[in-house]
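In: A predicted structure for the sequence below; I have some questions about it.
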Protein chains: 2
Amino acid sequence: MTDRIKNFLASRRHEGPILVVDLDVVRENYGAFAKALPDTRVFYAVKANPQPEVLRLLADLGSCFDCASVAEIRQVLSAGATADRISFGNTIKKERDVAEAYRLGVDLFAVDCREEVEKISRAAPGARVFCRILCDGAGAEWPLSRKFGCVPEMAVDVLEHAHRLGLTAHGVSFHVGSQQRDPAMWDGALASASAIFRECAERGIHLAMVNLGGGFPTRYLKEIPGVKSYGAAIFEALRKHFGNRLPETIIEPGRGMVGNAGMIQAEVVLISKKSDAVDETRWVYLDIGKFGGLAETMDEAIRYPIRTAHDGAEKVPCVLAGPTCDSADVLYEKEPYLLPVSLEIGDLVLIEATGAYTTTYSAAGFNGFPPLETVVI
Amino acid sequence: MTDRIKNFLASRRHEGPILVVDLDVVRENYGAFAKALPDTRVFYAVKANPQPEVLRLLADLGSCFDCASVAEIRQVLSAGATADRISFGNTIKKERDVAEAYRLGVDLFAVDCREEVEKISRAAPGARVFCRILCDGAGAEWPLSRKFGCVPEMAVDVLEHAHRLGLTAHGVSFHVGSQQRDPAMWDGALASASAIFRECAERGIHLAMVNLGGGFPTRYLKEIPGVKSYGAAIFEALRKHFGNRLPETIIEPGRGMVGNAGMIQAEVVLISKKSDAVDETRWVYLDIGKFGGLAETMDEAIRYPIRTAHDGAEKVPCVLAGPTCDSADVLYEKEPYLLPVSLEIGDLVLIEATGAYTTTYSAAGFNGFPPLETVVI
């Protein structure tokens, strides 16, 4: 909770849930990444929070950008960054979107299969591509599926295919899983990456870049290692697997860049019980839920810290739920959430570390509720 | 697939996913409910699809409306229905929203605890309230949690509390679970409702109404009983538990009213494999996913029928995923989806029975993708 956010909220009349993002924290986070990994370029994962003010600040600070769609590419260009600082990092792209990105000057594309390479060779001739490989995601709090990437053995063929089709086989990317709490997780992926570099070299293809992905965490309820520890562990793994011939590297922080810069203020709408006798569990309903910006509570994956004016009072386990008529709109139930026993209907609460993956996730108008209001200060 | 939808899509250039809703089907569904339950008033669950054209049609047909928020109440009033045809059916309401609804003329409110009764007694003095009771939801495809309702024993006290505070204790409501495939599920809930009627009568409170809730299914991949079977089973259960003193009844169909009236056209963005050797699973990526309107694929709960131009060809199991950079944006994986082996990148597919719980669920701008475009014809 920064003083700037505190002052802003003090002067606001609460009409509905709001996310407040403090640019000073984003600036600090950018500085910490730049310091912890001085030879690595930062490609901010725009999807984490594409607010124009955030993009403008990062563009001014010299950041590059990882975009998921043509719309995000346009947002970044509008924020003042040039196209040579943009990567089209989604492995799933319509060919006409590749063409449009290329027309806008983007020259760096993610792939994970031959089919995508072929689209890019037609729609963005000569562009640079990097191939994403699968990672197991152990240690990450947000589930990492097999959706993106191919096995390392196939990556060599994919990159060779790109090379033959006149593209620049530029490198390898991976993602160790979002909210990754173990800095050692980069080691295994870098071992695979260096093996791909060697195999490609044997085929006469000289890769240049390793995209170390995102995964850098935000502090929620549990402690996390600092960015410095990640930088040290990654540098050590790079030296171990690449020796003196270190590749060009980039990182794609999203949550790690903006997560702790934002805080949601919400209101307690109802506190009740289901029974006077058999079920004494307290149910606490907020005016924000799974469809209003807290989608990452899916399967109770991300547990946000929640502050109230009663902190310090005795706490009791509560089921926490959102305001919609959807029975799935429950935030924490399997593992109930501890909240002050003196919490009351109408009280305001602060949901911390909500700067990433909230606003844009919120539903367009579910149950008539508008998407999460956002203010950048 | 109606001829009207077919003709509309034939004349459209596909730029992105679109939901097309056919009002003729909504009209037929309304007629089927009115016929199957002739003595029961229909309160359409607006949250299922609040498109103005849908609300206007239903208002013209004489439907009443179940609203989840003040915004939905305003939408219904704009569609031409009067406030006496509106129920504020959300058990979780801010007191100022109750006051605003009351000011707009709404006089019927859902409650499931004493705290909510107290809000209504202050903000909507004299209004009618019905108390929601818990139901186990067995047989329903969309998970029913304990989020709404109290145990039947407590409902009697809640209604008595309302009565003492000058409200009209109007009745009881329950919900047997969305996409409920077993018409017999109303029997147990009606047994509880009739016990509450008796106990209230003993305390001198004469309830008038049973809200039978929603739950009426749409046909996805599995066969479902027709609306007639639901009508018959419900009428039988009413007679069994209420004898000759049948209460006033209402139903709140949402999915059952609009689900099969809509169809989404989407595009195959990529078809690929993760490995040439060890994992031959086909991955099919569409330009719509969990955050673009298909949120009900959460935990693979709702399995939509998907039609392609290759139907009739040999089918192979596929993992089906959306277009965003989110690893959780996978539609069907645990139980892979059978799709034609001849399906190709760029092909259009039709996702059937998507008229309910799609557009308003879609994210405001996740990954830069706009909310689901919707056209009502």
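Out: Structure received. Residues are numbered from 1 along each chain as shown, chains lettered A, B, ... in the order given.
In: what sits against the nearest residue to residue A:246 once chain neighbours are set aside?
Out: The shortest distance from residue A:246 to any residue other than its chain neighbours is 5.8 Å, reached at residue A:238 (CB to CB, 6 or more residues apart in numbering or on different chains). (Glycine included, C-beta is placed from N, CA and C.) Shown in contact with residue A:238 (CB atoms under 8 Å, 6 or more residues apart in numbering or on different chains): A:190, A:210, A:246-247, A:249.
In: out of those, which are inside strands?
Out: Taking DSSP state E, the ones among these that sit in strands are A:210, A:249.
In: now do the buried residues in the helix or strand bottoming out on mean pLDDT in chain A.
Out: Within chain A, no helix or strand scores below helix A:3-10, which has a mean of 93 by mean pLDDT, DSSP states H and E. Within helix A:3-10, the residues that qualify as buried are A:5, A:8-9, counting by 16 or more other CB atoms under 10 Å in any protein chain shown.
In: filter these by proximity to chain B?
Out: Among those, proximity to chain B is found for none (CB under 8 Å from any CB of the partner chain).
In: which of those residues lies closest to chain B?
Out: Closest to chain B out of the buried residues of helix A:3-10 is residue A:9 (18.4 Å), distances taken as CB to the nearest CB.
In: which residues sit in contact with residue A:239?
Out: Residue A:239 sits next to residue A:246 when contact means CB under 8 Å, 6+ apart.
In: for it, what are phi and psi?
Out: Dihedral pair for residue A:239: phi -60, psi -40, per degrees, to the nearest 10.
In: so what's it scoring on pLDDT?
Out: pLDDT for residue A:239: 97.
In: grab the nearest non-local neighbour of residue A:225.
Out: Nearest residue to residue A:225, sequence neighbours excluded (CB to CB, 6+ apart): residue A:183, at 5.6 Å.
In: that neighbour reaches residue A:230, doesn't it?
Out: Yes - proximity of residue A:183 to residue A:230 meets the contact threshold set by CB atoms under 8 Å, at 4.7 Å.
In: the more surrounded of the two?
Out: residue A:230 (28 against 25; other CB atoms under 10 Å in any protein chain shown).
In: tell me how far the more buried one lies from chain B.
Out: 20 Å (CB to the nearest CB, to the nearest Å).
In: which residues does that residue contact?
Out: Residue A:230 neighbours (CB under 8 Å, 6+ apart): A:36-37, A:183, A:186, A:216.
In: ok, so of these, who is nearest chain B?
Out: residue A:216 (15.6 Å).
In: surely that closest one and residue A:260 touch.
Out: No - counting by CB under 8 Å, residue A:216 stays clear of residue A:260, with 11.1 Å between them.
In: which of the two has more neighbours?
Out: Legend: neighbour count by other CB under 10 Å for residue A:216 and residue A:260, higher for residue A:216 (29 against 23).
In: element containing the residue of chain A positioned farthest from its centre, please.
Out: Residue farthest from the centre of chain A, counting by CA atoms, centre = their mean, is residue A:277 at 43.6 Å. For residue A:277, there is no helix or strand it lies in under DSSP states H and E.
In: where does it land on pLDDT?
Out: 82.
In: tell me which helix or strand the closest residue to it other than its chain neighbours sits in.
Out: Leaving aside its chain neighbours, residue A:277 sits nearest to residue B:153 (7.2 Å; criterion: CB to CB, 6+ apart). Residue B:153 belongs to helix B:152-164 when elements are defined using DSSP H and E.
In: strand partners (parallel or antiparallel) of the helix or strand following that helix?
Out: Next in sequence after helix B:152-164, counting helices and strands by DSSP H and E, comes strand B:168-173. Strand pairing for strand B:168-173, using DSSP bridges, gives strand B:128-132 (parallel), strand B:209-211 (parallel).
In: residue A:250 reaches residue A:39, doesn't it?
Out: No - contact criterion CB under 8 Å: residue A:250 and residue A:39 do not qualify, at 10.4 Å.
In: so which of the contacts of residue A:230 are in strands?
Out: Secondary structure defined by DSSP E assigns none of these to strands.
In: which of the residues you listed sit farthest apart?
Out: Spanning the widest gap among the contacts of residue A:230 are A:36 and A:186, at 12.7 Å by CB to CB.
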